[in-house]
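# Output the structure for:
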Amino acid sequence: MLPAELTAYYTRARARALRTYEARRNEAYAAIPRLPAIEAEMKQTAFDLGIGLRKASDKAAYRQSVGEALGRLSMERARLLADNGLPIDHLEIPYECRRCGDTGSLPDGTLCPCARARLLQLKYASSGLAQDARFELFRTSVYKNAEQKKRSLRAKELCELYAGELALNGAPGLVLMGETGVGKTYLLDCIGRRAIERGRTVQKYTAYNIVDLMLRSVRERTAAADLAAPELLIIDDLGTEPMIPSITFEALFAVINERGNAGRATAVATNLSRAEILEGYGERIFSRLFSQKAYSVIELRGDDLRIG
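Okay, here's the model as predicted:
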């Protein structure tokens, strides 16, 4: 079943196509008086086909004769349209998708490819992921240092493995470590996109966003966002969020701990070193992020790719 947003989209698309069709039809009928009669005759011929087949002694011959009659009418219509400078499909409803007639569903009840594509677009838009991030577009030309290129390609391969199973070496969590600008966020977004393409639910936040969500829920006395729900939660920029007493640590620990206990996939990127994470967040968060059973760690090293 399509979400309400897509259902409304297809309703608008069909209405738009029908308005365009009616305007084109009225234009053509006014310019070519013979057209309404051709259209009516074609509809009546097609309608009579079922009754005629039941009565016909030679059904194949009858079906062929009806087909030939419809073909003659169709050719006459096409000639009249062309003679008046109109395209052959001028009297067809201009659906955006001819396969489903702008319904989102095929005749057998399955989703049309156009609906699947739009569902993915909705998921990308609501996930917080960059729209242009994908493993297929990973470029090695940005690396001037051969060693950095080698390490980054290996990191990309490992991230692809993780995206496929939402686990790496048996661990459902992933930590990407490295200085600013070495490609951590891009790889996180590639992971998220691949997971969505495989039908997984994905949500991305920065560490700052998570702390802000907690603060707002406290101020407004509302339930905090359910960060345990997505099959993959992406936490970017761990270490850039403000350290607010009784809020920052508890908000991040609650998310990491709850998802870890549930075995849910969580991918984290940080500019901090292990020592800085231990010092800044304490043993409880450190022990969870660097537990081999819970998280695999990939370290990216090299020059800032956003400079120069």
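# Buried residues in stretch 185-202, which are they?
For stretch 185-202, burial by neighbour count (16 or more other CB atoms under 10 Å) applies to 185-196, 200, 202. No exception for glycine: its C-beta is placed from N, CA and C like everyone else's.
# How about Ala133: what's its closest non-neighbour residue?
Asp189 (3.4 Å; CB to CB, 6 or more residues apart in numbering).
# Mind giving me the packing neighbours of the host helix or strand of the one you found?
Using DSSP states H and E, Asp189 sits within helix 184-197. When contacts are defined as 3 or more CB pairs under 8 Å, 6 or more residues apart in numbering; DSSP states H and E, helix 184-197 packs onto helix 113-127, helix 146-165, strand 173-178, strand 202-206, strand 232-238, strand 265-270.
# Dump those into TSV; add distance to Tyr21 and mean pLDDT as well.
Output for these, formatted as TSV (distance: least, CB to CB, whole Å; pLDDT from 0 to 100):
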stretch	distance to Tyr21	mean pLDDT
helix 113-127	19	78
helix 146-165	44	90
strand 173-178	51	95
strand 202-206	39	91
strand 232-238	43	94
strand 265-270	47	96
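# Identify whichever of those lies nearest to Glu250.
strand 232-238 (14.9 Å; CB to CB).
# what does the closest one rub up against?
Outside of strand 232-238, the residues within contact range by CB atoms under 8 Å, 6 or more residues apart in numbering are 128-129, 166, 184-185, 188-189, 191-192, 195, 200-208, 210, 227, 252, 255, 259, 264-272, 277.
# ok so, going back, and of the buried residues of stretch 185-202, the nearest to Cys97?
Ile196 (21.5 Å).
# ok, the closest one touching Tyr124?
Yes - between Ile196 and Tyr124 a contact is recorded at 6.4 Å, counting by CB atoms under 8 Å.
# What separation is there between the residue nearest to Ala133 and Gln203?
Going from Asp189 to Gln203 by CB to CB, to the nearest Å gives 12 Å.
# the inter-axis angle of the helix holding Asp189 versus strand 232-238?
With axes from the mean of the first three to the mean of the last three CA atoms, to 10 degrees as the basis, helix 184-197 and strand 232-238 are set at 170 degrees to each other.
# can I get the CA coordinates of helix 184-197 in CSV?
In CSV, the C-alpha atoms belonging to helix 184-197 read as follows (Å, rounded to 0.1, in the frame of the first residue of the first chain):
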residue,chain,number,x,y,z
LYS,A,184,33.7,9.5,6.6
THR,A,185,30.4,11.3,6.0
TYR,A,186,30.4,10.3,2.4
LEU,A,187,30.9,6.6,3.2
LEU,A,188,28.2,6.8,5.9
ASP,A,189,25.7,8.2,3.3
CYS,A,190,26.8,5.5,0.8
ILE,A,191,26.0,2.9,3.5
GLY,A,192,22.6,4.4,4.1
ARG,A,193,21.7,4.6,0.5
ARG,A,194,22.6,0.9,-0.2
ALA,A,195,20.7,-0.1,2.9
ILE,A,196,17.6,1.7,1.7
GLU,A,197,17.9,0.2,-1.7
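# which residues are contacting that helix?
By CB under 8 Å, 6+ apart, helix 184-197 touches 120, 123-124, 127, 129-130, 133-135, 138, 155-156, 159-160, 162-164, 166, 174, 176-178, 202, 204, 231-232, 234, 236-237, 267, 269-270, 300.
# for stretch 127-137, same thing?
Stretch 127-137 is contacted from outside by 124-125, 156, 159-160, 163, 185-186, 189-190, 192-194, 196, 202-205, 234, using CB under 8 Å, 6+ apart.
# could you redo the last one with a cut-off of 10 Å?
If you take CB atoms under 10 Å, 6 or more residues apart in numbering as the criterion, stretch 127-137 is touched by 121, 123-125, 156-157, 159-160, 163, 185-197, 201-206, 209, 230, 232, 234, 236.
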